[in-house]
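Novice: Need coordinates for the following:
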Amino acid sequence: MLSAYAGLADTYVYLAFSGRLSRDRAYRSAREALRKAVELDDSIGETHDTLGVLNWRFDWDWDAAEREFNRAIALAPSYSCRA
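Specialist: Next up, the predicted model:
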């Protein structure tokens, strides 16, 4: 089950990647949406996938990205990542 907040965060990330939204604004908006998603349900793999993308592509925090990607795989092994 995909959280609406995780989907919203994905949208912000892709708007930044496409240049339609500034990276800073997209990052802040995505982080806020993911904070809400985790607050509502921490067991949704898609949320952790997007957290991994933010840690990887925006923060360059490889350890945090790996943790989030591994959690995403454990929670939603059939989810197709689009990073």
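
Novice: So what's the residue count around residue 21?
Specialist: 18 (other CB atoms under 10 Å). The way it works is simple: take the backbone N, C-alpha and C, and place the C-beta from them, glycine included.

Novice: so is it in a helix, a strand, or just coil?
Specialist: For residue 21, the assignment made with DSSP: H, G, I helix; E, B strand; the rest coil gives coil.

Novice: My guess is it contacts residue 15. True?
Specialist: Yes: between residue 21 and residue 15 there is a contact under CB atoms under 8 Å: 3.8 Å.

Novice: Spatially central residue in the protein, please.
Specialist: Among the residues of the chain, the one closest to the centroid is residue 50, at 1.5 Å (CA atoms, centre = their mean).

Novice: residues in contact with that residue?
Specialist: Counting by CB atoms under 8 Å, 6 or more residues apart in numbering, residue 50 touches 6, 9-10, 13, 30, 34.

Novice: Export those residues as TSV, with columns for pLDDT and distance to residue 79.
Specialist: Shown next, in TSV, are the contacts of residue 50 (pLDDT from 0 to 100; distance: CB to CB, whole Å):
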residue	pLDDT	distance to residue 79
6	92	10
9	96	14
10	93	12
13	95	15
30	97	17
34	97	15
